[in-house]
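J.: let me see the structure of the following:
(2 chains)
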Amino acid sequence: MNAPQPMNTSQLIDFGTPKVGAGDTVTLEIDGIAVSVPAGTSLMRAAAEAGIMVPKLCATDIVKPFGSCRLCLVEIEGRRGYPSSCTTPAEAGMKVRTQTPQLAKLRRNVMELYISDHPLDCLTCSANGNCELQTMAGVVGLRDVRYGSGDANPGENHYTDVVKDESNPYFSYDPGKCIVCNLCVRACEEQQGTFALTIAGRGFGSRVTAGQAQPFLESDCVSCGACVQACPTATLMEKTVIEKGQAERSVTTTCAYCGVGCGLRAEMKGSEVVRMVPWKDGRANEGHACVKGRFAWGYATHPDRITKPMIRAKITDPWREVSWQEALTHTANEFRRIQKKHGPNSIGGIVSSRCTNEEDYLVQKLVRAAFGNNNVDTCARVCHSPTGYGLKQTLGESAGTQTFKSVEQADGIVVIGANPSDAHPVFSSRLKRRVREGAKLIVIDPREIDLVSSPHIKAEQHLQLRPGTNVAVLSALAHVIVTEGLVDEAFVAERCEAKAFRDWREFVARPENSPEALEAASGVPAAKVRAAARLYATGGNAAIYYGLGVTEHSQGSTTVIAIANLAMATGNVGREGVGVNPLRGQNNVQGSCDMGSFPHELPGYRHVSDTITRQMFENAWGVELQPEPGLRIPNMFDAALDGSFLGLYCQGEDPAQSDPDTHHVTAALSAMECVVVQDLFLNETAKYAHVFLPGASFLEKDGTFTNAERRISRVRRVMPPLAGMADWEVTMALSRALGYEMNYQHPSEIMDEIARLTPTFAGVSYDKLDSAGSLQWPCNDEAPDGTPTMHVDQFVRGKGRFLITQYVPTDEKVTRRFPLLLTTGRVLSQYNVGAQTRRTANTDFYGADLLEIHPHDAEERGIREGDHVGIESRAGNTTLPATLTERVQPGVVYTTFHFPESGANVITTDNSDWATNCPEYKVTAVQVSRLAGT
Amino acid sequence: MNREHLIKMANQIGGFFEAMPDSVQAVADVAKHLKNTWEPRMRVEILKTLGTADEAKLKPVVRDALISLGRSGKPA
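T.: Residues are numbered from 1 along each chain as shown, chains lettered A, B, ... in the order given. Just a heads-up that it's a prediction; the model follows:
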């Protein structure tokens, strides 16, 4: 099923210039072949689509044509000269010739000039076998170099006396091999949008430069690798390729980091990854990747990996390596012992958004069918559970409404409580490209994130609210829309429940919801709120993107509802360019929720009390299922402390580091009698575990992930599981040990079962995924090719439902003792609790969590840059190095949570969202003080 | 289960629904939310607040919802 692809497959064809959208078709003749392409297509691309590859060096189909290398010259009948095919659009009736004696002579002369300033070390060059310069020299038939190359023919050149830049941990820069094609600079600008590279110098002395002639590591470069991929020579080259040589095969799979879910090609030698390259046909990323997905996969073979099962009687005992059979039998015996003594509901399981759909499905099946209860939850509990609730209540489905590509049609973009540049970088590049094209951007965030102001990006409005006041600001935006007559009355009348809308309109129109009235609470000037509301409501297609800065609040669900209200009120649902778009934190947050990992829902978001659905699963699984909801993760910990929950199977999740109020969590784990951790590494939770089952990395998995667009993509095994068993096989074996038979031969069979039992997945199969590349659910008889945009003609629930969103201030208030508000987030190079990225060279970019503090707050406390400071909250205290920045406003401090030693969650509280118990990570009242001796 | 914690959580739920214009519906919605998302042992524990001093800590909409849940005889 995972047939390796040779390196030279059709998907590797570079068409030279980007695809042009569908439109009028023109027909022309190229080398005597009739070719029909959309108007605006370059001659180069038209030729490539007909199988005619025009020589090129400065063109690739991920950036706009540039026309500098002069290799792609063609002749056009009736026209003078030799235009470059990359910059010349195809026209109806053209007769083009790509190969003539004159063209051959011109190309050889051009190549001769390139080679005259290039070291001829092809045999030992890291690009040997995959060098476009080398290939083109062969294609044009270059046989002689008359100028300045080699000792026999000395002349001016620039490949000697150059210093390689090896500062970046993942790629090297060798200026001596640069042909100044500009591809790297253009990829950085057009594809990534960072503008970190430029061409320094003039004429013959021109060279690529990072930043202000800085080493790459010290420049603005974000190490996305687009420049490396675009480079036609070995100038920019992955260090793994330099070390290992060119790959011999590739396997297409899906990234296991953020919720963008980029398609990747793992280029392999045997079972060893040589490099990871973004998949051009991957619809989530369209050939782009970030520093994590492209480079930070080395954790999979890190020496810290645990590859043997281990058990111990007490958490103070040393671990003892055992066989799989002993570990699973021991676990089953312990779970049954606990259930016999404390009842069937005394154990449960936690699944992970890092695991595949098939693994998540299997664990919830294990809990429901083999444990005999509904005590299963997912780590989505602590990130996007409010999204599931809020969107289900208003729109009717617990998922985002769009594709990522939809942003290309947006005229107005609202980013609230999200920092895509760091947390969803590949989507951020798309978003920034659209803003550069003219879309207006509104950022609602307590912190001045990169999108507020970065190269060629400037937010029209930055509503820099106080943490915890999202609902106040959204109510104020709604107030303006309602009271200034900006509602899309026709849309609302046709698509939404009339009474609910009237109630909502009356509510938000109240004076207490005006921007002026709420300014004191939110800290956002009323005029800015009014301007933002007008922009959102009247600026054409408007899309809202949000993240954990929305959900991880005591009013997280209310905020999601308020966002849906805004979209419905302005008619911004149901077509391209608009919508409500949750940016999921992890790769399979959407999927783990879809798969019935919540304790109150079976797969497909159907409540466990739904008799018809439950009976369907009972018939399929051959057991009776409980109709009452089970415990959520925080409820499990509460129940552990009262002695009624004593056994936990925790797959791919680390609550001891990732969940709030660490002391509470670890006390609960310590109170349990059998904690089973299945993971790659001995994580923080494993300190409290009695059984450790080795997990498999995404490179060892077969299965599917579902990204934030509801896009189901295949994950394909590129190397065997280091511990000998795949995660789904471990769950299956545990189930058998518990006496409940599961019998799957391959994850595709699990997906087949999911499709049989889940209407929104009815049309999904591995065969269909393999042929389509990916599918967005719902995928069934009504939508056999999937559903890119939801709620097109009507909402999933029928009529859209407005709900009143009363602003309720959080209980986490500042006081004289705790005068600052701490909020949290991620950085680009690290990922969540850091278990993966801390075990890669990404630590070169960010090696410790820092506390961002405003210079005014720092000065009041005598804190200087780099000082170690103590941070105390009502829940606990920790220490961090401080960095002074005006990114945060006075009264607000900010940190990341990637390193366990920083103890960020020691100080977060057990406050949670009212509807879902999603923790309120984003608001913690703290005091910060300089530590003596620093 | 920690009763104080449950009371706080229930009052948060009440805080959302008490803003609805139809107070009868709000009570029903609180009860439905508790029924649909709280594990039985949590509901059993919070129902114990009724008729005790802890009842005064409940928002009226929550108290009424618990009374309706208690009448249904199903939460435990």
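
J.: C-alpha from now on. contacts and neighbour counts both.
T.: OK.

J.: stretch A:390-402 and chain B in contact?
T.: No: for a cut-off given as CA under 8 Å from any CA of the partner chain, stretch A:390-402 has no contacts with chain B; the smallest distance is 11.8 Å.

J.: any idea how far that stretch is from the middle of the chain?
T.: 20 Å (CA atoms, centre = their mean, to the nearest Å).

J.: the residue sitting furthest away from the middle of chain B: what's it in contact with?
T.: For chain B, the residue at maximal distance from the C-alpha centroid (CA atoms, centre = their mean) is B:Pro21, at 18.7 Å. Residues in contact with B:Pro21 (CA atoms under 8 Å, 6 or more residues apart in numbering or on different chains) are A:Asp503.

J.: ok, now with 10 Å
T.: A:500, A:503-504, A:507, A:804 (CA atoms under 10 Å, 6 or more residues apart in numbering or on different chains).

J.: name the residues of chain B found near chain A, please.
T.: B:1-2, B:5-6, B:8-22, B:33-42, B:75-76 (CA under 10 Å from any CA of the partner chain).

J.: can you narrow the contacts of B:Pro21 to ones near chain B?
T.: A:500, A:503-504, A:507, A:804.

J.: so which of those residues sit within helices?
T.: Among these, the members found in helices (DSSP state H) are A:500, A:503-504, A:507.

J.: from those residues, which is closest to A:Glu741?
T.: Nearest to A:Glu741, judged by CA to CA, of those is A:Ala500 at 48.2 Å.

J.: I figured the closest one hits A:Ile804, correct?
T.: Yes: using CA atoms under 10 Å, A:Ala500 makes contact with A:Ile804 at a distance of 8.4 Å.

J.: count of residues packed around A:Arg502?
T.: 11 (other CA atoms under 10 Å in any protein chain shown).

J.: surely it touches A:Phe802?
T.: Yes: the pair A:Arg502 / A:Phe802 is scored as a contact, 8.8 Å apart, by CA under 10 Å.

J.: which of the ones in helices among the ones next to chain B among the contacts of B:Pro21 lies closest to chain B?
T.: A:Asp503 (7.2 Å; CA to the nearest CA).

J.: pull up the gap between A:Ala127 and A:Ile62, please.
T.: 20 Å (CA to CA, to the nearest Å).

J.: now A:Thr909
T.: In terms of CA to CA, A:Thr909 sits 46 Å off from A:Ile62.

J.: ditto for A:Phe501
T.: In this view, A:Phe501 and A:Ile62 are 45 Å apart by CA to CA.

J.: go on, A:Arg874?
T.: For A:Arg874 relative to A:Ile62 (CA to CA), the value is 51 Å.

J.: so for these two, which sits in the more crowded spot?
T.: A:Ile62 (23 against 16).

J.: surely that one and A:Gly287 touch.
T.: Yes: using CA under 10 Å, A:Ile62 is in contact with A:Gly287, at 7.5 Å.

J.: mind listing the shared neighbours of those two?
T.: Shared contacts of A:Ile62 and A:Gly287, counting by CA under 10 Å, 6+ apart, come down to A:191, A:226, A:280.

J.: any chance of these in CSV with distance to A:Ile33 as columns?
T.: Output for the shared contacts of A:Ile62 and A:Gly287, formatted as CSV (distance: CA to CA, whole Å):
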residue, distance to A:Ile33
A:Gln191, 33
A:Ala226, 34
A:Lys280, 27
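
J.: which one of those is nearest A:Arg108?
T.: Of the shared contacts of A:Ile62 and A:Gly287, the one sitting nearest to A:Arg108 (CA to CA) turns out to be A:Ala226, at 28.9 Å.

J.: the residue lying closest to the closest one once chain neighbours are set aside and A:Asp679, how far apart?
T.: Of all residues not flanking A:Ala226 in the chain, A:Ala187 sits nearest, at 5.8 Å (CA to CA, 6 or more residues apart in numbering or on different chains). A:Ala187 is 37 Å from A:Asp679, where distance means CA to CA.

J.: give me phi/psi at the residue nearest the centre of chain A?
T.: By CA atoms, centre = their mean, chain A has its centre lying nearest to A:Cys258, at 2.8 Å. With angles defined as degrees, to the nearest 10, A:Cys258 sits at phi -80, psi -180.

J.: and the residue farthest from the centre of chain B, how far from A:Ala410?
T.: B:Pro21 is 35 Å from A:Ala410, by CA to CA.

J.: right, and A:Thr87 touches A:Val63 too?
T.: No: with contact defined as CA under 10 Å, A:Thr87 does not count as touching A:Val63 (11.9 Å).

J.: which residues do the two both contact?
T.: Here A:Thr87 and A:Val63 have A:Thr17 as joint contacts, going by CA under 10 Å, 6+ apart.

J.: packing partners for the helix or strand of chain B with the lowest mean pLDDT?
T.: When each helix and strand of chain B is scored by mean pLDDT, DSSP states H and E, helix B:60-72 comes last, with a mean of 92. Contact partners of helix B:60-72 among helices and strands, from 3 or more CA pairs under 10 Å, 6 or more residues apart in numbering or on different chains; DSSP states H and E: helix B:3-17, helix B:23-37, helix B:40-47.

J.: just send the ones you listed back as JSON lines, with distance to A:Pro446 too.
T.: Output for the helices and strands packed on helix B:60-72, formatted as JSON lines (distance: least, CA to CA, whole Å):
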{"stretch": "helix B:3-17", "distance to A:Pro446": "24"}
{"stretch": "helix B:23-37", "distance to A:Pro446": "31"}
{"stretch": "helix B:40-47", "distance to A:Pro446": "35"}
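
J.: to A:Val351, which of the ones you listed lies closest?
T.: helix B:23-37 (18.2 Å).

J.: who are the packing partners of that closest one?
T.: Short answer (3+ CA pairs under 10 Å, 6+ apart): helix B:23-37 packs on helix B:3-17, helix B:40-47, helix B:60-72.

J.: just the buried positions in the first one, please.
T.: Think helix B:3-17. B:6-17 (16 or more other CA atoms under 10 Å in any protein chain shown).

J.: pull the CA atoms of it into PDB?
T.: The C-alpha coordinates for helix B:3-17 follow below in PDB (Å, rounded to 0.1, in the frame of the first residue of the first chain):
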ATOM      1  CA  ARG B   3     -18.200  20.200  45.400                       C
ATOM      2  CA  GLU B   4     -16.900  23.700  45.500                       C
ATOM      3  CA  HIS B   5     -15.400  23.200  42.100                       C
ATOM      4  CA  LEU B   6     -18.600  21.700  40.700                       C
ATOM      5  CA  ILE B   7     -20.600  24.700  42.100                       C
ATOM      6  CA  LYS B   8     -18.200  27.100  40.400                       C
ATOM      7  CA  MET B   9     -18.500  25.200  37.100                       C
ATOM      8  CA  ALA B  10     -22.200  25.000  37.300                       C
ATOM      9  CA  ASN B  11     -22.500  28.700  38.000                       C
ATOM     10  CA  GLN B  12     -20.300  29.400  35.000                       C
ATOM     11  CA  ILE B  13     -22.800  27.500  32.900                       C
ATOM     12  CA  GLY B  14     -25.600  29.400  34.500                       C
ATOM     13  CA  GLY B  15     -23.700  32.600  33.700                       C
ATOM     14  CA  PHE B  16     -24.000  31.900  30.000                       C
ATOM     15  CA  PHE B  17     -27.600  30.900  29.900                       C
END
